[in-house]
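*Asks:* build me a model from this:
(chains A and B)
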Number of protein chains: 2
Amino acid sequence: MPALSQRALEIPASPIRKLVPYSEAAKAAGKHVYHLNIGQPDVETPQVFFDAIQDAHLKVVAYSHSAGHVSLRQSIADYYGNLGHPLNTDQVIVTTGASEALSFVFATIMNPGDEVIIPEPFYANYNSFSIFSNVKVVPIQTQIENDFALPPIEEFEKLITPRTRAILICNPGNPTGVLYPQESLQKLQEIVKKHDLYLVSDEVYREFAYDGKQHKSVLGLEGMEDHVIVTDSISKRFSSCGARIGCVVSKNADVMGGVMKLAQARLSPPTLGQIGAEALYQLPASYYQDVVEIYRKRRDVLVESIAKIPGAVCPDVDGAFYAMVQLPVDSSERFCQWMLEEFDHEGATVMMAPGSGFYATPGLGTDQVRIAYVLNEEDLRKAMECLAAGLAAYPGRVISGEALASDNA
Amino acid sequence: MPALSQRALEIPASPIRKLVPYSEAAKAAGKHVYHLNIGQPDVETPQVFFDAIQDAHLKVVAYSHSAGHVSLRQSIADYYGNLGHPLNTDQVIVTTGASEALSFVFATIMNPGDEVIIPEPFYANYNSFSIFSNVKVVPIQTQIENDFALPPIEEFEKLITPRTRAILICNPGNPTGVLYPQESLQKLQEIVKKHDLYLVSDEVYREFAYDGKQHKSVLGLEGMEDHVIVTDSISKRFSSCGARIGCVVSKNADVMGGVMKLAQARLSPPTLGQIGAEALYQLPASYYQDVVEIYRKRRDVLVESIAKIPGAVCPDVDGAFYAMVQLPVDSSERFCQWMLEEFDHEGATVMMAPGSGFYATPGLGTDQVRIAYVLNEEDLRKAMECLAAGLAAYPGRVISGEALASDNA
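*Replies:* Presented below is the predicted three-dimensional model:
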């Protein structure tokens, strides 16, 4: 029997999805499972998405241009223009979700063995895309104690080697909820210019910024046209994850040329999703405000609920709709599995993503979970009650000195 | 300015799409362009596709299971069962078109530097997927003179090295129209077993077999469960290219496990396309028969038309909806560009894919074009008239001794 490739063996199972068999078993056993493991919003996809597809009256579901319908690229360019970042359609290539966008970017800017520095914890699938492309992830640690802020520039300098090709950030951050201030971006600009690197910014959560804080895009950094690459998606912004429509944005024509060749190889992004996406990008600014307010309230529920759980720590969450929460457990992976397999609270349980899968450094995040606050407030409150009850009952509960102190605070 | 990766530089522009700027210019200049360059059928997508999406009344366009909706996987498994190849749903993973299926398979079974043997000429994007995965394509030449039949087994033996991991075939063949008889598959079985390789078969044109000939799937080869991987798609079968729904099929659980990890990394295939695809797979067998009859007639138009063009050679075409046609020209690439830029016949011209892009061996296919007979008979006849007129007017027309002889035949 022929062997698998090394990369197929190395790619980790998704921490977001690896517990799926246990949740399926829990559901089969009649439990209700609150899904806080995956960034799948419950917000309704705007009706214009469906209407546009129906109104198109397609006779043939044909391939589109490999870069996407030019009318969609124009809509995306207009959207960026409204944010203060004027673009032309050649600077936008539509992809099958931000996942494909990142795969294309990795392959376009890095050779096998090249290195990309990523603040850790990071979106777990960055690992998979890296292994897929035979690229090496070099994590730079950020700490829950200071809300996962970007490390000082000297810490980056220590990690740069002749193989370093890029720095990748997720802003607002999945899984941390961090929102990088302008000073952090300028710090990145400095080091990227100095070492002639690419700065790749995953900005799919751009609108999700709370408490009056403003998201700053790397597209606003001056003199960085050749260095900056943004990956984006309609999935979260318009609650359209299954449409699989994302894009690569860059003013570097060579990068766009490389991405375009990969885009041609896979022929076209999904046609129906593109038609729907074009309508979504016509929505008024009030749409975003309404959605963000929904998530701001959910964020508040999460933060308040975690604060009441002895030994649990929730950092500041300024953006996106995730938090890396520290729990008083021996192993968050064992705890998450136990919640699905062994526990229920009034017939329900909670599914979360174990934290270690978001770290490249072994041993980190083992007492953290990523919680996606994608449920309505009522369900989220119930899920938090369920989590608190689970922690109280969990045999592997650990109250360290620090956790005890916080209990008493 | 940071550099591009070597692979981004090496990936060739798609021969199927590289002339797009010229066709856009031709259209802007008021010419009608007959598109024979791309496998985009004009057959209507069955109405059940659209109805199923509308009837789903989705509120949220959510991610699906990473392997695809289980109900779609069951429909696909049933389809294979009806073909005499019983499968369970674990042996089917839904992908974003056969393009993604092949990318996943390449990454799962091959390390960078590993080799895959592919009969040449082959679907041009196999090159791109290989470069993307840092895998080396080793072409094995087939000849227009014997209708691109599979070479003798000794020719394969000569190409096998310690890095050889797989043989990839496209059956029925794009771009050749070849349909491999059972003996060819047995030949492949012998060599694959002997050298412990994978046999990857791209069978997206499975139903397109003419003149009473039957397509034989590698899934029917006994004792090959661990070696055989099939990539498939609804794009051609149901004229649904833009839905971007394909799949990987294999009974090798390790391979499926590797593919699944890549599938998880990109979260999910397109949700709307999956809903439509499930309805398509419920269509009765008569649907395929009707469609194949349409293409059989088109194939006849093509073969008859080429036979009347002095110096042009069309091999036997038993399957798919392509032919690699030899033309009496100095360079098929120059000729194809000239047809778009310089020529029109009654206000129309023809776009074809230059042949060299379908060969890995430099210098081969330079007098061939791939013609996709995806237009209705009337348009196809007009396109063929236009091609004949273009060849008569082309300044780079070459009548070699051989071509002249065939002129006189």
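*Asks:* do I have it right that residue A:65 meets residue A:267?
*Replies:* No - taking contacts as Cβ atoms under 8 Å, residue A:65 lies outside contact range of residue A:267: 9.9 Å. Quick note: C-beta positions are derived from backbone N, CA and C, even for glycine.
*Asks:* who has more neighbours out of those two?
*Replies:* residue A:267 (24 against 20; other Cβ atoms under 10 Å in any protein chain shown).
*Asks:* from residue B:368, how far out is the more buried one?
*Replies:* Distance, residue A:267 to residue B:368, by Cβ to Cβ, to the nearest Å: 22 Å.
*Asks:* next one: residue A:74
*Replies:* Distance of residue A:74 to residue B:368, given as Cβ to Cβ: 38 Å.
*Asks:* ok, those two, which is more surrounded?
*Replies:* residue B:368 (25 against 16).
*Asks:* burial of the residue lying closest to the more buried one once chain neighbours are set aside, as a residue count?
*Replies:* Excluding the flanking residues, the one nearest residue B:368 by Cβ to Cβ, 6 or more residues apart in numbering or on different chains is residue B:355, at 3.0 Å. Neighbourhood size, residue B:355 [other Cβ under 10 Å]: 27.
*Asks:* quick one: residue B:355 from residue B:58, how far?
*Replies:* Residue B:355 sits 44 Å away from residue B:58, taking Cβ to Cβ as the criterion.
*Asks:* mind listing what the residue nearest to residue B:368 touches?
*Replies:* B:15, B:121, B:175, B:324, B:332, B:365-370 (Cβ atoms under 8 Å, 6 or more residues apart in numbering or on different chains).
*Asks:* quick check: it vs chain A, distance?
*Replies:* 18 Å (Cβ to the nearest Cβ, to the nearest Å).
*Asks:* okay, that residue: pLDDT?
*Replies:* Residue B:355 carries a pLDDT value of 95.
*Asks:* ramachandran angles for it?
*Replies:* phi -70, psi -30 (degrees, to the nearest 10).
*Asks:* do the same with residue A:120
*Replies:* Torsion angles, degrees, to the nearest 10, at residue A:120: phi -110, psi 140.
*Asks:* any idea what sits nearest it, other than its immediate chain neighbours?
*Replies:* residue A:139 (3.7 Å).
*Asks:* that neighbour reaches residue A:122, doesn't it?
*Replies:* Yes - counting by Cβ under 8 Å, residue A:122 is a contact partner of residue A:139 at 7.3 Å.
*Asks:* residue A:385 is in contact with residue A:345, isn't it?
*Replies:* Yes - at 6.8 Å, residue A:385 counts as touching residue A:345 under the criterion of Cβ under 8 Å.
*Asks:* these two: which has the busier surroundings?
*Replies:* Legend: neighbour count by other Cβ under 10 Å for residue A:385 and residue A:345, higher for residue A:345 (20 against 17).
*Asks:* so who does that one touch?
*Replies:* Taking Cβ under 8 Å, 6+ apart, we find residue A:345 in contact with A:385-386, A:389-390.
*Asks:* picking up where we left off before, could you say which helix or strand holds the residue nearest to residue A:120?
*Replies:* Of the helices and strands defined by DSSP states H and E, residue A:139 is found in strand A:136-141.
*Asks:* contact partners of the very next helix or strand once past that strand?
*Replies:* Downstream of strand A:136-141, the next assigned helix or strand under DSSP H and E is helix A:153-159. Residues outside helix A:153-159 that contact it (Cβ under 8 Å, 6+ apart): A:117, A:138, A:140, A:167, A:187, A:190-191.
*Asks:* just stretch A:368-381 next, same as before
*Replies:* By Cβ under 8 Å, 6+ apart, the surrounding residues in contact with stretch A:368-381 are A:15-16, A:34-42, A:121, A:144, A:175, A:295, A:297-299, A:301-302, A:305, A:321-327, A:332, A:335-336, A:352-356, A:358, A:383.
*Asks:* narrow the residues you listed to those in strands?
*Replies:* A:34-35, A:322-326, A:353-354 (DSSP state E).
*Asks:* determine which two of those are furthest apart.
*Replies:* A:35 and A:326 (20.8 Å; Cβ to Cβ).
*Asks:* so between the two, which is more surrounded?
*Replies:* The neighbour comparison of residue A:35 against residue A:326 (other Cβ under 10 Å) goes to residue A:326, with 22 against 16.
*Asks:* that one contacts residue A:313, correct?
*Replies:* Yes - counting by Cβ under 8 Å, residue A:326 does reach residue A:313; the two are 4.0 Å apart.
*Asks:* okay, and the common contacts of those two?
*Replies:* Any residue near both residue A:326 and residue A:313 by Cβ under 8 Å, 6+ apart counts here, and that gives residue A:144.
*Asks:* need the helices for the stretch 201-350 of chain A, in chain order.
*Replies:* Listed in chain order, the helices found in the stretch 201-350 of chain A under DSSP state H, counting those that start in this stretch are A:253-265, A:271-280, A:285-307, A:332-341.
*Asks:* packing partners for the first one?
*Replies:* Other elements packing on helix A:253-265 under the criterion 3 or more Cβ pairs under 8 Å, 6 or more residues apart in numbering or on different chains; DSSP states H and E are strand A:92-95, helix A:97-109, strand A:246-250, helix B:6-10, helix B:125-132.
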